[in-house]
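*Asks:* quick one, fold the following:
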Amino acid sequence: MDLSKLKFDPRLRNGWQAIDLGFAMARQWWWPSFLVWMIPALALYALLSFLLVDALFLLPIIIWWLKPLWDRLPLMMGSRALFGEALNVAATLRQSPKIFWIDLLPSLTWRRFSPTRSFDLPVTALEGLRGEERSRRLAVLHQNYSNAASWLTVVLVHVEGFLGLGFWSMAALFIPPELNVSWFALASSDGTLVMHFSNLITFAAMALVAPFYTLAGFALYICRRVQLEGWDIEIRFRHLVEKHQQPEKLAPGRKVAAWLLPLTVCMGLWGQTGDSWAQQVANQSSLIEDYYRQLDNHAPAAESKQQVMEVLGGEDFHRIEMEQGWRLKRAGEGEAGAESMPEWLLWFADVIDWLQTIASPLRDIFGGFATGFQLLLWIVVIALVAWLLYRYRNGLISLLSLPAKRKTAAQPDVLFGLDIRKESIPEDVCKRVRQWWSEGRHRDALGLLYRATLSRLVHQFAFEFHAGYTEQECVAVVSRGDNRDLSDYVSRLTRSWQQLAYAHRLPEAAQVDALCSQWQGLFGELRDAR
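*Replies:* Below is the predicted model of the structure:
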């Protein structure tokens with residue numbers, strides 16, 4: 001590969017500038033590139049038109065599926081024309097069977113839907129790399145330009161669709177209005193002529209766009225190699241060498257010195273052996289050192305040396321990067337324990353590396369979508385946490401504020417007219433309630449049970465009831481606790497008390513007896529704790 005024959009300026013370009021260079025190449029070499037793509041594809045299209053008479057809809061699908069093969073021919077022609085070779089359509093077509101066979105199965109199966117296919121194709125068709133070597137090469141190339149290559153595929157796919165619609169619209173313009181024919185209904189019909197016309201339109205759109213797609217991907221590949229291999233620097237060094245290799249006009253004194261120096265060295269070495277040879281070598285070294293000292297006094301040479309030293313002393317030549325990661329040791333590496341690594345584990349590691357290589361193009365494409373999805377996911381998580389905090393705010397407030405308020409909050413002695421002091425509650429509450437109920441003092445009996453319950457809730461369980469609370473507000477405070485049995489009991493007892501106190505509806509004796517029995521189960525063990 002002779003870089004001096006390059007047909008473009010090998011400077012650093014971004015992805016979109018590289019694509020623009022590829023489009024310029026496609027415009028300049030479009031006709032030969034179009035022919036080498038269309039001729040084999042058209043031959044297969046004509047053959048399938050006779051074989052698939054009853055399934056004409058398969059024709060454009062098959063031609064589209066084989067596009068990775070057709071794209072190799074414009075690529076081969078463009079790679080040679082880029083280095084000054086003549087465009088030869090016939091020679092490229094004669095080599096097509098050999099070109100098609102390179103990595104045929106992967107190109108038509110799992111690599112077929114790669115969005116960076118035009119960018120990756122030169123590695124397969126031009127460099128001839130396969131397997132792990134190809135994966136390592138693509139990993140280096142995809143560090144830049146892979147995003148531009150993916151957008152190139154997306155844009156030109158839409159361009160093909162727009163061309164197809166344009167051809168149909170142009171055909172519709174030739175239909176006389178007197179025929180009153182709907183071109184949309186005509187395009188959607190399944191007639192044989194319509195199917196052939198639709199297939200030809202699809203084929204023409206693919207053939208017209210193919211040179212731009214292939215050569216734009218090739219330009220991305222070439223510009224990436226310019227970045228990695230420093231083609232621009234190499235070419236400029238070659239120009240400098242050619243410039244300094246041109247004969248320089250020397251002064252008469254320098255011409256004589258240039259002739260006498262080698263003659264003197266030869267005469268001094270003539271017939272010298274043994275120790276005199278070492279002495280002569282020392283003299284020759286001194287002459288060379290004198291020559292370089294004279295060269296330092298030469299202004300252009302000194303300036304060039306200073307520029308080289310400034311470049312070598314810059315940050316670009318002193319950058320240190322460290323990468324850390326985990327990998328499996330192969331047999332023979334490091335400690336002897338690595339040799340006992342099972343082969344199936346090594347094979348599994350190779351499979352993981354291969355999957356990562358295949359997933360790298362998708363990672364470049366969907367990187368933006370993944371970032372947006374991650375942002376959306378975080379928004380959903382934050383909203384969910386905010387809703388949970390709002391939904392259970394009362395329990396959290398009571399949980400966080402309860403310990404501090406137990407020490408400082410003053411407990412009320414009277415709630416809605418009921419005395420709940422410890423001194424006002426008898427020792428055996430349930431015995432006194434049953435006694436009063438049997439004597440007909442129903443209101444006093446149920447009131448005592450209710451007052452005793454409120455007193456135990458305040459003094460034993462440390463529930464906070466304000467003096468202005470109602471019965472239902474007290475029930476709500478108890479329900480926010482973690483004792484479900486206690487909450488249910490207070491709710492039932494409050495409902496029975498309200499029905500008796502306000503509606504004058506007596507509960508059943510069995511219901512009162514059950515309330516007393518349950519009260520003993522909930523508060524009886526704490527009776528002596530006052």
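*Asks:* model confidence over stretch 466-481, on average?
*Replies:* The average pLDDT within stretch 466-481 is 77.
*Asks:* in it, what's buried?
*Replies:* For stretch 466-481, the neighbour count (16 or more other C-beta atoms under 10 Å) marks 469, 471, 474-475, 477-478, 481 as buried. Any C-beta I mention is one placed from the backbone N, CA and C, and that applies to glycine too.
*Asks:* one more: stretch 512-520?
*Replies:* Counting neighbours by 16+ other C-beta under 10 Å, one finds that the buried residues in stretch 512-520 are 512, 515-516, 518-519.
*Asks:* returning to what we had before: what's the farthest-apart pair in the buried residues of stretch 466-481?
*Replies:* Farthest pair in those (C-beta to C-beta) is 471 and 481. Separation: 16.8 Å.
*Asks:* could you look up the SS state of residue 469?
*Replies:* Three-state assignment for residue 469 (DSSP: H, G, I helix; E, B strand; the rest coil): coil.
*Asks:* tell me the phi and psi of it?
*Replies:* Recorded main-chain torsions at residue 469 are phi -70, psi 150, according to degrees, to the nearest 10.
*Asks:* and for residue 414?
*Replies:* Its backbone dihedrals place residue 414 at phi -130, psi 130, with angles given as degrees, to the nearest 10.
*Asks:* can you give me the strands in the chain?
*Replies:* When assigned using DSSP state E, the strands of the chain occupy the ranges 414-415, 418-419.
*Asks:* need the ones you listed in JSON lines with mean neighbour count, can you?
*Replies:* Formatted as JSON lines, the strands of the chain follow (neighbours: other C-beta atoms under 10 Å):
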{"stretch": "strand 414-415", "mean neighbour count": "18"}
{"stretch": "strand 418-419", "mean neighbour count": "16"}
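*Asks:* as CSV, the ones you listed with mean pLDDT and distance to residue 396 would be great.
*Replies:* As requested, those are exported to CSV (pLDDT from 0 to 100; distance: least, C-beta to C-beta, whole Å):
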stretch, mean pLDDT, distance to residue 396
strand 414-415, 72, 26
strand 418-419, 70, 31
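*Asks:* would you mind putting these into a markdown table with distance to residue 384 alongside?
*Replies:* Formatted as a markdown table, those follow (distance: least, C-beta to C-beta, whole Å):
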| stretch | distance to residue 384 |
| --- | --- |
| strand 414-415 | 39 |
| strand 418-419 | 43 |
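*Asks:* now residue 12. Nearest residue, chain neighbours left out?
*Replies:* Using C-beta to C-beta, 6 or more residues apart in numbering and skipping residues adjacent in sequence, the residue nearest residue 12 is residue 227, 6.3 Å away.
*Asks:* give me the neighbour count for the one you found.
*Replies:* Taking other C-beta atoms under 10 Å as the criterion, the count of residues near residue 227 is 17.
*Asks:* what does the one 4 residues further on give?
*Replies:* Applying the criterion other C-beta under 10 Å, we find 18 residues in the vicinity of residue 231.
*Asks:* ok, residue 34 next?
*Replies:* 17.
*Asks:* and the pLDDT at it?
*Replies:* The predicted local confidence for residue 34 comes out at a pLDDT of 91.
*Asks:* tell me where the longest helix sits in this structure.
*Replies:* When the chain is scanned for its longest helix (criterion: DSSP state H), the result is helix 192-229.
*Asks:* tell me which residues in that helix are buried?
*Replies:* Applying a neighbour-count criterion of 16+ other C-beta under 10 Å, the buried positions in helix 192-229 are 195, 197-199, 201-203, 205-224, 226-227.
*Asks:* now do the same contact list for the closest residue to residue 80 other than its chain neighbours.
*Replies:* Counting by C-beta to C-beta, 6+ apart, residue 87 is the residue found nearest to residue 80 once chain neighbours are left out, at 7.8 Å. Contact partners of residue 87, counting by C-beta atoms under 8 Å, 6 or more residues apart in numbering, are 29, 32, 77, 80-81.
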